[in-house]
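Chemist: Provided below are the primary sequence and the corresponding predicted coordinates.
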Amino acid sequence: MKMEKQLPRLVLSFIEEHSLIEKAKLLVVGVSGGADSVCLLHILLQLRDELNLDLHIAHLNHQLRGEESDADARYVSDLAQRLAVPVTIESRDVAAYRAENRLSVEEAAREVRYAFFADVADSIGAEAVAVGHTADDQAETILMHLIRGSGLSGLRGMQPLSNWRLPDGSNLKVIRPLLQIDREETEAYCKALNLSPRVDSSNLLPKYLRNRIRSELMSIIEGYNPNIRRNLARTARLIADDMAHIAGEVSQLWGTTAIERSGGVALDNKAFESLSLSLKRHLLRSGLERLLGSLRDIEEVHIESLLEVMEQPAGKRLSLPEGLLFIGGYTESLITREENAPCPLPLLGGEHKLVIPGETALPGWHVKAEIKDSGIRSQDSVKYQAVFDFDLVGADLTVRARRDGDWFQPLGMSHSKKLQDFMTDSKITRAWRDRVPLVCSGDQILWVVGWRIDERMKVTPPTTRVLEIEFENLTSGREGF
């Protein structure tokens, strides 16, 4: 069977197998002007009556290749006119978006492109966009994820049908009808029908990882196995099946082991500990995806770091991408945005004089102070316990919260530092900073409780008397924290 007859039947079978297209619907087709997208457009036109489809072409000029980009836009415009298909062509400044969001060129182009597709779909009432990813793109994607250290979710590659998460939180349905077709086949199809697609010169630049995989790595691997593209695609399908099963298992954990809270996800520590390592990883990924909308910035190192901190005592914190924060509690732990993080520190209020030696009751705190014989003791050995040279600090000490203009000299530093800068560098959550107790002598801060004492007040060999102060948080353990 000739290429122009065979390929549409293969694509139709793939569409039906994966239920990609609902009949009697309007579909946006992303057309760059290259062989893959031109082949996709032409095949969908051949299947239009059979699927009862209306098509609308969308082309974005990324403004990255000057006249070449403009020529691509003119080509798509002429193609749409020749095929009598409505088209939307726009230009958007990908370079500016990249700089603003600190993304790679590829990431920025992809995000801007899909936002454009979503705008076109919304403007014409379409529910999905079809893109021309092929089996070659799939193989390259899997290898790229493997090189970057992806887990199973990355090794399953692109899916025939997926939802692209947009910055506003909405989703765009994306279908890939050519995912089982080779690039060589799309080029042969275009040649057979004299479609003369465009060639994107940026696909030849070695500075992009995908291009190096395509032009260098793939040819090397094919020397070992000429069928590597097909094998990678098959592996992706198998992993996708396994991931679907795992996703079903994870979904049953929501509402029990994991609970969505306002602005966060709470994990029952005991129930989480009983899970297999695989389910732990996937439940954490699921929680992060619910909070972020996608896993674009989440790597395996973040999941492994979460697993490590979950095994540590309560009170541990871990900063995560996009402003997320993990807080380990006694009975449950929380992943939330930093500004929503519950504070385990009691609200102190006012300024309070310490009884030295003796015990002092403060709002939410119990403080014990002892004067001991000389001897070198470790500094800040316990989170809420510290030792000082008593002859330097004296007994006239108070406890208060921070004030504008506070400075102190953190232990180990040779100079003073703004308290605000110290808290920022120490990653003290912004919402907690007004609750951190400060032990002071007059206006001088001696101890940022839970973090660092003042270098000048530490115990040294000449010290004759040691003041040991210990804070007990009376609210610890409430609501799992």
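Modeler: Structure received.
Chemist: how about stretch 263-273 as CSV, C-alpha atoms only?
Modeler: Output of stretch 263-273 as CSV, limited to C-alpha atoms (Å, rounded to 0.1, in the frame of the first residue of the first chain):
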residue,chain,number,x,y,z
GLY,A,263,-2.7,25.5,50.8
GLY,A,264,-1.0,22.2,51.7
VAL,A,265,-0.9,18.4,51.9
ALA,A,266,-0.7,16.7,55.3
LEU,A,267,0.9,13.2,55.6
ASP,A,268,0.0,10.8,58.5
ASN,A,269,3.5,9.8,59.7
LYS,A,270,2.6,6.4,61.0
ALA,A,271,0.5,5.4,57.9
PHE,A,272,3.2,6.8,55.6
GLU,A,273,5.9,4.8,57.3
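Chemist: how many neighbours does residue 79 have?
Modeler: By other CB atoms under 10 Å, 22 other residues sit near residue 79. In short, each C-beta sits where N, CA and C put it, glycine included.
Chemist: how about residue 210?
Modeler: 14.
Chemist: what sits against the nearest residue to residue 371 once chain neighbours are set aside?
Modeler: Of all residues beyond its chain neighbours, the one nearest residue 371 is residue 357 (5.1 Å), with distances taken as CB to CB, 6 or more residues apart in numbering. By CB atoms under 8 Å, 6 or more residues apart in numbering, the contact list for residue 357 reads 369, 370, 371.
Chemist: what does residue 125 give?
Modeler: residue 26.
Chemist: SS state for residue 19?
Modeler: Judged by DSSP: H, G, I helix; E, B strand; the rest coil, the three-state class of residue 19 is coil.
Chemist: once you drop chain neighbours, what's closest to it?
Modeler: That would be residue 161: by CB to CB, 6+ apart, it lies 7.6 Å from residue 19.
Chemist: tell me the bridge partners for the one you found.
Modeler: Legend: beta-bridge partners of residue 161 under DSSP bridges are residue 175.
Chemist: and what of the one 10 residues further on?
Modeler: With DSSP bridges applied, residue 171 shows beta-bridge pairing to residue 165.
Chemist: that one touches residue 165, doesn't it?
Modeler: Yes - counting by CB atoms under 8 Å, residue 165 is a contact partner of residue 171 at 6.0 Å.
Chemist: more neighbours, the two?
Modeler: More neighbours surround residue 165 than the other of residue 171 and residue 165, with 17 against 12 (other CB under 10 Å).
Chemist: and residue 277, how far from residue 313?
Modeler: 20 Å (CB to CB, to the nearest Å).
Chemist: just the element for the most centrally placed residue in the chain, please.
Modeler: Residue closest to the average C-alpha location in the chain (CA atoms, centre = their mean): residue 297, at 2.9 Å. In the assignment (DSSP states H and E), residue 297 maps to no helix and no strand.
Chemist: test my guess that the residue nearest to residue 19 contacts residue 175.
Modeler: Yes - with contact defined as CB under 8 Å, residue 161 counts as touching residue 175 (5.4 Å).
Chemist: helix/strand/coil for residue 181?
Modeler: Applying three-state DSSP: residue 181 is coil.
Chemist: give the contact list for it.
Modeler: 7, 10, 11, 39, 134, 135.
Chemist: cool, residue 20 as well?
Modeler: With CB under 8 Å, 6+ apart, residue 20 has these contacts: 14, 160, 161, 175, 176, 177.
Chemist: quick one, phi/psi of residue 438?
Modeler: Note on residue 438: backbone dihedrals following degrees, to the nearest 10 are phi -120, psi 120.
Chemist: burial of it, as a residue count?
Modeler: Neighbours of residue 438 (other CB under 10 Å): 20.
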